[in-house]
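Q: Quick check, what structure comes out for this input:
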Amino acid sequence: MDNIKVLLVDDHQIIRDGIRSLLSYAEGIEVVGECSDGLEAISCAVSDKPDVILMDINMPKINGIDATKKIITDNPDSKILVLTVHDELAYISKMLHAGSLGYVLKTTNKAELITAIKSVSKGEKYFSPEVTETMLSRFIDSHKSDSDAEEKELTIREIEVLVLISTELTNAEIGDKLFISTRTVDAHRRSLLSKLGARNTAGLVAYAIKNKFLE
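A: Numbering: from 1, shown residues only. Predicted structure coming up:
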């Protein structure tokens, strides 16, 4: 099985050195290049052909948000994992809308970073627990008094499940995030389908978008 080729994008050399050193001991992962700004990242995304691009946000010339948009526009199959110090919802939302598949904080440990890289390399979403908490808290707080949600009588747990479904997580992944069983997640999914009159997951996502659960 081929190694997962990773491109490091961060404007601090010491950070790149640290990540490269950390990943050098990770089985199945190979760092194939480094970039110090978003402009270089756009070029290296083509020349180095990475499987996963580990992207910082605040960088000179072109920031990580705009670089991600350009990379995804040129190659929609690019897989970008954000690695940043920023845990604010504004940054999370902008990077997800730009096309990133995952978002982890620089406070993460080696095991989680490796898990995130491997998940994103397979096209799966991955968020640090702190990032998931930020997303859920914001969405729940902003929709507590939402008239449509009240009319549908959605519970807080159902709203949590709806948000995570909308980020394309599987039942198993949602269960891991919320510390509940896959069977319980499936029960919430079926309840949401019934309450919202949706036929499938696409219908749930459409409801989430319409009611601004995804921003």
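Q: Which helix or which strand is home to the closest residue to Glu160 other than its chain neighbours?
A: Nearest non-adjacent residue to Glu160, counting by C-beta to C-beta, 6 or more residues apart in numbering: Leu136, 5.4 Å away. The way it works is simple: take the backbone N, C-alpha and C, and place the C-beta from them, glycine included. When elements are assigned from DSSP states H and E, Leu136 belongs to helix 129-143.
Q: what does the average pLDDT come to for that helix?
A: What helix 129-143 shows for mean pLDDT is 70.
Q: now do stretch 6-13
A: Along stretch 6-13, the predicted confidence averages to a pLDDT of 96.
Q: Can you list the buried residues in that stretch?
A: Applying a neighbour-count criterion of 16 or more other C-beta atoms under 10 Å, the buried positions in stretch 6-13 are 6-11.
Q: any idea of the pLDDT on Asp2?
A: According to the prediction, Asp2 has pLDDT 85.
Q: For the residue most central in space within the chain, name its beta-bridge partners.
A: When C-alpha atoms, centre = their mean is applied to the chain, the residue found nearest the centroid is Gly102 (2.6 Å). When bridges are taken as DSSP bridges, the partners of Gly102 come out as Leu81, Tyr126.
Q: does it really touch Tyr126, like I thought?
A: Yes: the pair Gly102 / Tyr126 is scored as a contact, 3.8 Å apart, by C-beta atoms under 8 Å.
Q: what sits in contact with each of these two?
A: Taking C-beta atoms under 8 Å, 6 or more residues apart in numbering as the contact criterion, the residues that touch both Gly102 and Tyr126 are 81, 116, 119-120.
Q: Could you find the closest non-adjacent residue to Pro129?
A: Setting aside the residues directly before and after it, Pro129 is nearest to Lys177 in space (C-beta to C-beta, 6+ apart), at 7.5 Å.
Q: Only the buried residues of the strand or helix carrying the one you found, if you could.
A: Element membership for Lys177, per DSSP H and E: helix 171-178. Of the residues in helix 171-178, those buried by neighbour count under the rule 16+ other C-beta under 10 Å are 171, 173-175, 177-178.
Q: Much appreciated, bye for now.
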